[in-house]
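Enquirer: here is the input, now give the coordinates:
(2 chains)
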Amino acid sequence: MKNSKYLPLIATFVVFVLAYVICISVFPNMLSTRVAGNLLTDNAFLGITAVGMTFVILSGGIDLSVGSVIAFTGVFLSVILRDTSIHPLVAFVMVLCLTTAFGAAMGATIFFLDMPPFIVTLAGMFLARGISYLLTTDSVPITHPFYSTLQEIYFVMPGGGRLTLIAIVMLVVFAVGIVLAQRTRFGTYVYALGGNLTSAQLMGVPVAKTTVGIYALSGFLAGLSGIVFSLYTSAGYSLAAVGVELDAIAAVVIGGTLLTGGYGFVAGTFLGICIQGLIQTYIVFDGTLSSWWTKIVIGLLLFGFIALQRGLMWMSERSARNMRHASAVQASSA
Amino acid sequence: MANAQPLLSVRGVSKAFLGVSALENVDFTLKAGEVHALLGENGAGKSTLIKIITGAYRRDEGEVLLEGTPIFPRDVVDAQKLGIGTVYQEVNLLTNLTVAENLFLGRQPKRFGLTDVREMNRRSRAILDTYGLGIDVTAPLANFSVAIQQVVAIARAVDISGKVLVLDEPTASLDAHEVEMLFSVVRQLRARGMGIIFISHFLDQVYQIADTITVLRNGRLIDTVPVAGLERLKLVSMMLGRQLESGIKRTIDPSTAKTEPLVSLRQLGKRGTVDPIDLDIRQGEVVGVAGLLGSGRTEMAQLVFGIERADSGTISVAGAPVGMTSPRKAIAEGFAFCPEDRKTDGIVGDLSVRENIIFALQAQRGWMRPLSRGEQEALADRYIAALDIRTSDREKPIKFLSGGNQQKVLLARWLATNPRFLILDEPTRGIDVGAHAEIIRLIIDLCEHGMALLVISSELGELVGYSSRIIVLRDRKMIDELTGDRISTDHIMKAIASHGATGEAA
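Expert: From the prediction side, this is the model:
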């Protein structure tokens, strides 16, 4: 009974293990830390922004702006580093402040103007993309030596796989995200908002502060993801990361988080990212398949998980009804 | 009980909305260690008073004293901090969080800046133990029944507030065992010296648990009396007011009683909503339905019209059984239903009088066969004239019409479908005196033209005026059927007050 909360997470885990077993049985070489290291590196930016997306979706919202914010971050960094002598670390701080404020502003609009998150973040998506174009329409390479230094940092895992800096950043973000969701008041408030807004308000949840905080967090993580993306590609391009918000949403949902909010885990999102990464890796190993198969399999998985969640909701409603009788008996004997 | 200072006292409180008075100069006193029931029909001002006490509304006049000090709660959360906690009928907790998280939301114990889950669970167990509730506090609240959720809500309210507990219809969706469990919790809190305000439509429960009763009617205080020694009949008449027999008394043609029934209900019911009912309704007959709010009268009408699905019994129309699974099916059988709350269930405010009138007929024909504009206009004009609907123009949006005229438009909508059987739920609520008489005349008129009607009303006087028979509902059961000379407000009130001997005992 108690496990129903964890069932989507368990289902995701089973899918992940199955996918891994299939991959290994076809391509035994995939069972190596090299592949694992690459998978984490290639999906680091997506993972980081997906953590932010998890909080947003848990609260019953959506953030469509993250892909544009990632592109904006890359363009901003590349232009600043090209045109000024500001150190990249200072530029990182600047861009993180900007994206966090951007997210907070969207959160404030959503709460104080009582607007649907879909519309507000859609506007944010166009805005951030538009500003990126305004800065430059070219792909600007980043040649700062500090970038090369950061790209050289990695940790060699047993088996020869490389755990790069950006992969480590993603893992740290996931770890912090899990603690934030499960062990802080803010985390509980996020679940509370997703559960029932009116009840949360009546129970004294600071709804305004929490809403602004959630979108600020998503903005911050989108900025961090943009920094990681610029390290990954060594360039800033205003057309980059188109549709990443949808990949992030897909990872969150495949990770077992309910799209309507209130139920789910940050750890599930990590598995969602890994499943997407595995499919991509499989396609690379195969070499003959079109890369669009990633989208097709992700689409099928999404359908599967939405159906699973619907089924679980239905089952738990039914069991709650059956519980009535049991509890009445318990009460009369008490 | 001999406490000199009351726990909570409300003095001369008034509240008006847009110039309409909802509460006038009401006094209310709650002692520590007392369960105080607050009773009254719809619009009596109960919920306004409660919302003023719990900080959801600001009072216009008067004062609220908690332990002798005037309080001005800004909102519900503020009132909680002052010591006034509320538990609503629909539990306002978060079913996706664990039991412990619900108890400690916003005040979780911390350790090194992070929530100390172990400590929170330990304290939750300790709190629930005092209520004799040994449940798994780490499980999501959704896993538990409404009754247990209610107890958790009470535990949270008591733990945060601790002085006054307001229970707003907490038993409405509970079965008998669950109510007993809830009441044992309430008794325990009373013994601890809390003041409890209890709102319920179930008189039996009020007699079971309350020490004192305050009755409100039309925004005014009627009386505050101890439960011991209060006769039920007295209580019911306090709630309903002195009901005058209406001047109109329809003479009933005895021959109708012999015709075959048009609509027959056999053991029709739904668990937890309405107990199985047997009822025959003949053509040319008005069957009145009397009962207090929450007695199951509206729910019964919804079963008959297929809005709610019955889980027992059958409905036959003209002798043939019909599976009443949806309102569409009911409309196809020639049924029509004017719901109680015309603002939310009936009219479409922005559409014109004409559009509102043709609605049901168009739905019956299907959208593939639209009524022509000419047909629509002819139809609308005919009913505007026939029912004397006062509107400057048939194209006027219906929201600009008075309540009585809106009600007539709703009636016209259903009459346009040419029904055999018409259900009216509170057809005269909230309309002026003139329109009132016209609606009553219309009911009698329709009946004399051979329609079968089922009319639900709190206005016992008018019910007596036009009904051929009256059935009385109480606590979701049909408890009496009044015919012939027994059709009178006295008999209705006696029927509502009868049963459950707890009241008369003392």
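Enquirer: skipping its backbone neighbours, what lies nearest A:Leu289 in space?
Expert: If you skip the residues right next to it in sequence, A:Leu289 has A:Ile283 as its closest partner in space, 4.8 Å away by Cβ to Cβ, 6 or more residues apart in numbering or on different chains. All C-beta atoms are positioned from the backbone trio N, CA, C, and that covers glycine.
Enquirer: if I look at that neighbour, how far off is A:Gly299?
Expert: 15 Å (Cβ to Cβ, to the nearest Å).
Enquirer: what of B:Ser468?
Expert: Distance from B:Ser468 to A:Gly299, by Cβ to Cβ: 64 Å.
Enquirer: out of these two, which sits in the busier spot?
Expert: A count of neighbours by other Cβ atoms under 10 Å in any protein chain shown puts B:Ser468 above the other of B:Ser468 and A:Gly299, at 23 against 11.
Enquirer: quick check: pLDDT value at the residue nearest to A:Leu289.
Expert: Looking at A:Ile283, its pLDDT reads 86.
Enquirer: what sits against it?
Expert: Under the criterion of Cβ atoms under 8 Å, 6 or more residues apart in numbering or on different chains, the neighbours of A:Ile283 are A:289-291, A:293-294.
Enquirer: could you report the distance from it to chain B?
Expert: Going from A:Ile283 to chain B by Cβ to the nearest Cβ, to the nearest Å gives 37 Å.
Enquirer: how far is the host helix or strand of that residue from where the chain is centred?
Expert: Element membership for A:Ile283, per DSSP states H and E: helix A:266-286. Put simply, helix A:266-286 sits 13 Å off its chain's centre (Cα atoms, centre = their mean, to the nearest Å).
Enquirer: restricting to C-alpha, output that helix in CSV.
Expert: What follows is helix A:266-286 as a C-alpha-only set of coordinates in CSV (Å, rounded to 0.1, in the frame of the first residue of the first chain):
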residue,chain,number,x,y,z
VAL,A,266,14.4,14.0,-8.3
ALA,A,267,16.2,10.6,-8.3
GLY,A,268,13.6,9.4,-10.9
THR,A,269,14.6,12.2,-13.2
PHE,A,270,18.2,11.0,-13.0
LEU,A,271,17.0,7.6,-14.2
GLY,A,272,14.9,9.3,-16.9
ILE,A,273,18.1,11.1,-18.2
CYS,A,274,20.0,7.8,-18.1
ILE,A,275,17.3,6.0,-20.1
GLN,A,276,17.4,8.8,-22.8
GLY,A,277,21.2,8.6,-22.8
LEU,A,278,21.1,4.8,-23.2
ILE,A,279,18.9,5.0,-26.2
GLN,A,280,21.2,7.5,-27.9
THR,A,281,24.2,5.4,-27.1
TYR,A,282,22.5,2.3,-28.5
ILE,A,283,21.9,4.2,-31.8
VAL,A,284,25.5,5.4,-31.9
PHE,A,285,26.8,1.8,-31.4
ASP,A,286,24.4,0.5,-34.0
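Enquirer: next, the buried residues of it.
Expert: A:266-283 (16 or more other Cβ atoms under 10 Å in any protein chain shown).
Enquirer: let's see stretch B:260-279 as CSV, backbone CA atoms only.
Expert: Output of stretch B:260-279 as CSV, limited to C-alpha atoms (Å, rounded to 0.1, in the frame of the first residue of the first chain):
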residue,chain,number,x,y,z
GLU,B,260,-51.6,4.0,-13.2
PRO,B,261,-48.4,5.7,-11.9
LEU,B,262,-46.3,7.4,-14.6
VAL,B,263,-43.0,7.1,-12.7
SER,B,264,-42.3,4.4,-10.1
LEU,B,265,-39.3,4.2,-7.9
ARG,B,266,-38.7,0.8,-6.4
GLN,B,267,-36.0,0.6,-3.7
LEU,B,268,-34.1,3.3,-5.6
GLY,B,269,-31.0,4.4,-3.6
LYS,B,270,-27.3,4.9,-3.5
ARG,B,271,-25.1,3.9,-0.6
GLY,B,272,-24.0,6.9,1.5
THR,B,273,-26.4,9.3,-0.4
VAL,B,274,-30.0,8.2,-0.2
ASP,B,275,-31.4,5.0,1.4
PRO,B,276,-33.7,3.0,-0.9
ILE,B,277,-37.0,4.7,-1.6
ASP,B,278,-40.3,3.5,-3.0
LEU,B,279,-42.4,6.1,-4.7
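Enquirer: residues in contact with it?
Expert: B:173, B:175, B:280-283, B:287, B:296, B:299-300, B:303-304, B:308-319, B:420-421, B:452, B:471, B:476-478.
Enquirer: report the buried members of these.
Expert: B:173, B:175, B:280-283, B:287, B:296, B:299-300, B:303-304, B:308, B:310, B:313, B:315, B:317, B:420-421, B:452, B:471, B:476-478.
Enquirer: mind checking which of these are in helices?
Expert: The helices in this structure, assigned by DSSP state H, contain B:299-300, B:303-304 from the buried ones among the contacts of stretch B:260-279.
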